[in-house]
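Undergrad: Below: sequence and its predicted model.
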Amino acid sequence: MAKLTWTVEISVEKCFVADGFELTDERAQDMVLNDLQFAGSHEVTCKVIKAPDPEKVAKVQGYKSLSDKIKKEAK
């Protein structure tokens, strides 16, 4: 069966990004699958087409830089 495609723009206040929110393909798919409770992951695909600059996200989340965030997440 052919799939239909939606293009969605999502804006989130910085306070939620500061608290750790970051939209990934996987997170978007989980959000959609949560609503489509009988769908399998092979039936829904999500792709983040455009995201904020990772360096900016890291700084909003309280890190000095993206490399600082990556180092701390690796521990």
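TA: Received, thanks. Residues are numbered from 1 along each chain as shown.

Undergrad: rest of the way, CA atoms for contacts and neighbours
TA: Fine.

Undergrad: Wait, residue 18 touches residue 12, no?
TA: No: between residue 18 and residue 12 there is no contact under Cα atoms under 8 Å: 10.5 Å.

Undergrad: Please enumerate the shared neighbours of these two.
TA: Common contacts of residue 18 and residue 12 (Cα atoms under 8 Å, 6 or more residues apart in numbering): none found.

Undergrad: Neighbour count for these two, which is higher?
TA: Each of residue 18 and residue 12 has its neighbours counted (other Cα atoms under 10 Å); residue 18 has more, 16 against 10.

Undergrad: Relative to residue 39, how far out is the more buried one?
TA: Look at residue 18 and residue 39: by Cα to Cα, to the nearest Å, they are 32 Å apart.

Undergrad: low-confidence ranges in the chain?
TA: The model of the chain has no residue with pLDDT under 70.

Undergrad: Could you rerun that using 80?
TA: In the prediction, the chain carries residues with pLDDT under 80 at positions 1.

Undergrad: Which residue lies nearest the spatial centre of the chain?
TA: Closest residue to the average C-alpha location of the chain: residue 23 at 1.1 Å, with Cα atoms, centre = their mean.
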